[in-house]
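Student: Dropping the sequence and predicted coords here.
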Amino acid sequence: MIMTELTIGSPAPDFTLPRNGEGTVTLSGLRGKAVVLYFYPKDDTSGCTAEAIDFSALGAEFEAANTVVIGISPDSVKSHDKFAAKHKLSVMLAADEERKALEAYGVWK
């Protein structure tokens, strides 16, 4: 995959990824909503846990603003499910085990 650096105003690369709970999430399927994507390296590490808990705590505010929050990491759906249950997370967690979205966004170094 050829990576180009994203710049302000450039279109966000589309993706379809399996997600925690059930099913998949497709970025283009969320048109009409604001979307916050955050990328993190690993479930259940201190920094990643704090970040996911903070996003979850703001869930009502994001919902009121018609905004979807999606955390993306290379961990599996099974790992995301355990992570979400352990910390009572309400944010969506997408599994990018092949790192295609992570690379398309230039965040996997």
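Tutor: That came in fine, so what should we check first? Residues are numbered from 1 along each chain as shown.

Student: Given the particular helix or strand that has Val69 in it, what are its sheet partners and their directions?
Tutor: Val69 belongs to strand 67-73 when assigned by DSSP states H and E. Note on strand 67-73: by DSSP bridges, its sheet partners are strand 34-39 (parallel), strand 92-95 (parallel).

Student: could I get the helix or strand that that strand is followed by in CSV with only the CA atoms?
Tutor: Using DSSP H and E, the helix or strand that follows strand 67-73 in sequence is helix 77-87. Written as CSV, here are the backbone C-alpha positions of helix 77-87 (Å, rounded to 0.1, in the frame of the first residue of the first chain):
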residue,chain,number,x,y,z
VAL,A,77,-12.3,-8.3,18.2
LYS,A,78,-12.0,-10.9,21.0
SER,A,79,-9.4,-8.7,22.7
HIS,A,80,-11.6,-5.6,22.2
ASP,A,81,-14.6,-7.4,23.7
LYS,A,82,-12.6,-8.4,26.8
PHE,A,83,-11.2,-4.8,27.1
ALA,A,84,-14.6,-3.2,26.7
ALA,A,85,-16.2,-5.5,29.3
LYS,A,86,-13.4,-5.2,31.8
HIS,A,87,-13.5,-1.3,31.8
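
Student: for the spatially most central residue of the chain, which residues make a bridge with it?
Tutor: In the chain, the residue lying closest to the centroid (Cα atoms, centre = their mean) is Gly71, at 2.2 Å. As for beta bridges, Gly71 partners with Tyr38, Leu93 under DSSP bridges.

Student: How about the contacts made by it?
Tutor: By Cβ atoms under 8 Å, 6 or more residues apart in numbering, the contact set of Gly71 is Tyr38, Phe39, Tyr40, Glu51, Ala52, Phe55, Val91, Met92, Leu93, Ala94. Every residue, glycine included, has its C-beta placed from N, CA and C.

Student: tell me which element Ser56 falls in.
Tutor: Secondary structure (DSSP H and E) places Ser56 in helix 46-57.

Student: Low-confidence regions, this structure specifically.
Tutor: 1-4 (pLDDT under 70).

Student: Surely Ile70 is in contact with Ala34?
Tutor: No - the criterion here is Cβ atoms under 8 Å, and Ile70 misses it with Ala34 at 11.5 Å.
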